[in-house]
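**Q** model this:
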Amino acid sequence: MFERLRNLFGAERKALDQSSSAWAALVDTGARSAAGINVSPHLALECQPVKIGVQVRCDTLSILGLHLYKRDGKARAEDNPLYKLLHDRPNDWTASTTFIAEMERDCIMYGRAFALANRVNGKIIELIKLDFATVTVECGLNQEPTYKVSEKNGGQREYSWRDILDVPTLGNLSEIKTAREAIGLTMAMEQHAAKLMGNGARPSGIIKAKGKLSDIAYNRIKNSWRGNHSGENAGGTAILEDGSEFEALTFSSVDLQFQEMRAFQIVEIARALGVPPNLIFDFSRATWANAETASQAYLTFKLIPRAKAWEGAITRLLTDEEQATYYVEFDTNSLVRADIAARFEAYAKAIAARILNPNEARAKENLPPYEGGDEFINPNIQSANGDNADKTPAERPKPRAVA
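**A** Purely as a prediction, here's the structure:
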């Protein structure tokens with residue numbers, strides 16, 4: 001709708017200020033689902049399972065360390081200015097975690113995210129997130145994309161694909177929009193549950209009168225019933241007259257399965273977002289075994305593919321010479337930082353196998369190195385000076401008999 005309104009008042013895309021997302025949320029009410037609920041990316045975030053699922057997706061990706069590595073030796077290129085842009089701050093006012101989380105949120109809501117790679121003398125000096133609504137992508141005959149960005153003064157600026165960080169999704173499809181019906185049904189059931197609680201958590205009933213009621217009697221019965229069975233007075237006692245009787249309506253089988261339907265919709269939303277249900281606090285079917293397996297599956301089949309999509313998008317910004325020297329990669333080891341036992345066990349095995357030395361393991365824990373910690377030794381069979389630690393110990397003296 002927002003796009004149609006802009007096309008109606010002029011073919012040229014007008015500039016949008018920093019509040020354009022709020023304006024889009026106000027104007028674009030989204031497509032109407034079969035449940036009668038308007039679902040747009042902004043309105044969908046009012047649905048708690050959706051909000052938590054989006055937050056999990058964004059937060060788990062943003063806490064992974066994004067590093068620039070040298071291909072020769074595979075060491076971190078901390079001396080390169082681009083390393084600080086990716087790992088610390090993409091610009092003066094945005095932290096790396098915030099930048100990644102907001103870009104990934106746009107990917108979920110709109111299908112892709114954009115950021116400007118501002119260059120000076122050919123070198124990237126900052127990355128600035130662009131509002132999705134201000135960017136138009138046009139492809140020529142050779143499918144080479146060109147990006148047109150609306151400015152605040154009403155004009156447009158055209159950028160090459162080498163100057164725009166374009167983080168894609170599969171088919172550039174919005175996961176929120178493709179799950180519109182599931183989200184709309186969840187919101188409709190939530191509204192129904194709220195109305196039911198507003199009615200004292202009871203289904204409606206029927207008041208039967210033996211004869212025709214006068215208008216005065218009818219109004220007295222209506223006011224008495226509503227005054228004692230709505231709002232703060234729900235559950236009170238109503239006074240009937242003229243032989244009137246109340247017949248309660250019982251819950252049907254559909255009503256009794258209502259809670260099961262709500263629980264299933266949480267799973268449906270989790271499936272649409274690629275998040276295990278236990279990560280959006282649905283523990284109805286969670287056990288110690290399958291919760292850990294589901295979390296590992298989330299890392300393997302959702303988070304790592306998203307990280308690879310990011311890495312490919314960032315690599316596109318590098319020149320051919322830079323790509324021959326450097327590469328970008330997320331550090332997925334950050335996900336086990338909360339489990340100190342698993343983390344230290346992994347360090348111990350890596351040191352024993354001479355994959356890491358003790359100082360490299362300490363660096364991952366933000367601890368200072370110590371003398372002799374750069375040696376690749378197996379502490380289980382070698383000492384720090386390289387001698388074997390499994391030499392045959394001296395024979396113990398035999399106990400003497402005591403008279």
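**Q** for the stretch 301-403 of the chain, what spans make up the helices?
**A** 304-315, 320-325, 340-352, 358-364 (DSSP state H, counting those that start in this stretch).
**Q** so where does the residue most central in space within the chain fall, helix or strand?
**A** Against the mean C-alpha coordinate of the chain, by Cα atoms, centre = their mean, the closest residue is R57 at 2.1 Å. For R57, the enclosing helix or strand under DSSP states H and E is helix 48-62.
**Q** got the helices of the stretch 301-403 of the chain as TSV, with mean neighbour count, distance to S214 and mean pLDDT columns?
**A** Quick note: C-beta positions are derived from backbone N, CA and C, even for glycine. Listed next are the helices of the stretch 301-403 of the chain as TSV, based on neighbours: other Cβ atoms under 10 Å; distance: least, Cβ to Cβ, whole Å; pLDDT from 0 to 100:
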stretch	mean neighbour count	distance to S214	mean pLDDT
helix 304-315	17	69	95
helix 320-325	12	88	93
helix 340-352	14	77	85
helix 358-364	17	84	86
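**Q** of all the ones you listed, which lies closest to R32?
**A** Nearest of the helices of the stretch 301-403 of the chain to R32, taken as Cβ to Cβ: helix 304-315 at 30.2 Å.
**Q** so how far is the closest one from its chain's centroid?
**A** 16 Å (Cα atoms, centre = their mean, to the nearest Å).
**Q** and what of stretch 159-176?
**A** 17 Å.
**Q** would you mark the buried spots in that stretch?
**A** 159, 164-167, 169, 174-176 (16 or more other Cβ atoms under 10 Å).
**Q** quick check: longest helix of the protein.
**A** Longest helix in the chain, counting residues (DSSP state H): helix 180-198.
**Q** which residues touch stretch 87-98?
**A** By Cβ atoms under 8 Å, 6 or more residues apart in numbering, the residues outside stretch 87-98 that reach it are 62-63, 65-68, 85-86, 99, 115, 126-129.
**Q** hang on, the earlier thing: the inter-axis angle of the helix or strand just after the helix holding R57 versus helix 304-315?
**A** The first helix or strand that comes after helix 48-62 along the chain, using DSSP H and E, is strand 65-70. Interaxial angle of strand 65-70 relative to helix 304-315 (axes from the mean of the first three to the mean of the last three Cα atoms, to 10 degrees): 50 degrees.
**Q** and the helix or strand that strand 65-70 is followed by, average pLDDT?
**A** On the C-terminal side of strand 65-70, the closest following helix or strand by DSSP H and E is helix 81-87. Predicted confidence along helix 81-87 averages 93 (mean pLDDT).
**Q** could you list the buried residues of helix 81-87?
**A** Within helix 81-87, the residues that qualify as buried are 82-83, 85-87, counting by 16+ other Cβ under 10 Å.
**Q** in CSV: these, plus distance to A193.
**A** Shown next, in CSV, are the buried residues of helix 81-87 (distance: Cβ to Cβ, whole Å):
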residue, distance to A193
L82, 51
Y83, 50
L85, 47
L86, 45
H87, 45
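**Q** from the residues you listed, pick the one nearest N333.
**A** Nearest member of these to N333, counting by Cβ to Cβ, is H87, at 14.4 Å.
**Q** gap between that closest one and R57?
**A** 21 Å (Cβ to Cβ, to the nearest Å).
**Q** again with P168
**A** With Cβ to Cβ as the criterion, P168 and R57 are 15 Å apart.
**Q** follow-up on the earlier one: which of the contacts of stretch 87-98 tops the neighbour count?
**A** Sorting the contacts of stretch 87-98 by how many neighbours each has (other Cβ atoms under 10 Å) puts A115 first, at 26 neighbours.
**Q** residues contacting the nearest residue to G36 once chain neighbours are set aside?
**A** Distances taken as Cβ to Cβ, 6 or more residues apart in numbering place A188 nearest to G36, at 6.5 Å, with adjacent residues excluded. Counting by Cβ under 8 Å, 6+ apart, A188 touches 33, 35-37.
**Q** tell me the domain ranges of this structure?
**A** What automatic domain parsing lists as the domains of the chain is 1-192+258-338, 204-249, 339-398.
**Q** okay, these, which one's buried deepest?
**A** When the domains of the chain are scored by mean count of other Cβ atoms under 10 Å, the highest mean neighbour count falls to domain 1-192+258-338 (a mean of 16).
**Q** gap between it and the chain center?
**A** Centroid separation for domain 1-192+258-338 versus its chain: 9 Å, with Cα atoms, centre = their mean.
**Q** in a helix, that's where F283 is, yeah?
**A** No - counting by DSSP: H, G, I helix; E, B strand; the rest coil, one finds F283 to be coil, located in no helix.
**Q** state the distance from it to N121.
**A** Distance from F283 to N121, by Cβ to Cβ: 55 Å.
**Q** ok, K208 next?
**A** Distance from K208 to N121, by Cβ to Cβ: 87 Å.
**Q** how about T97?
**A** 29 Å.
**Q** repeat that for S160.
**A** 16 Å.
**Q** coming back round to it: hey, least reliable of the domains of the chain by pLDDT?
**A** Sorting the domains of the chain by mean pLDDT places domain 204-249 lowest, at a mean of 68.
**Q** who does the helix or strand following the longest helix of the chain touch, helix- and strand-wise?
**A** From helix 180-198 onward toward the C-terminus, using DSSP H and E, the following helix or strand is strand 205-208. Secondary-structure packing of strand 205-208 (3 or more Cβ pairs under 8 Å, 6 or more residues apart in numbering; DSSP states H and E): strand 245-248.
**Q** go with 10 Å
**A** helix 215-228, strand 245-248 (3 or more Cβ pairs under 10 Å, 6 or more residues apart in numbering; DSSP states H and E).
**Q** turn those into CSV, including distance to R262.
**A** Formatted as CSV, those follow (distance: least, Cβ to Cβ, whole Å):
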stretch, distance to R262
helix 215-228, 28
strand 245-248, 24
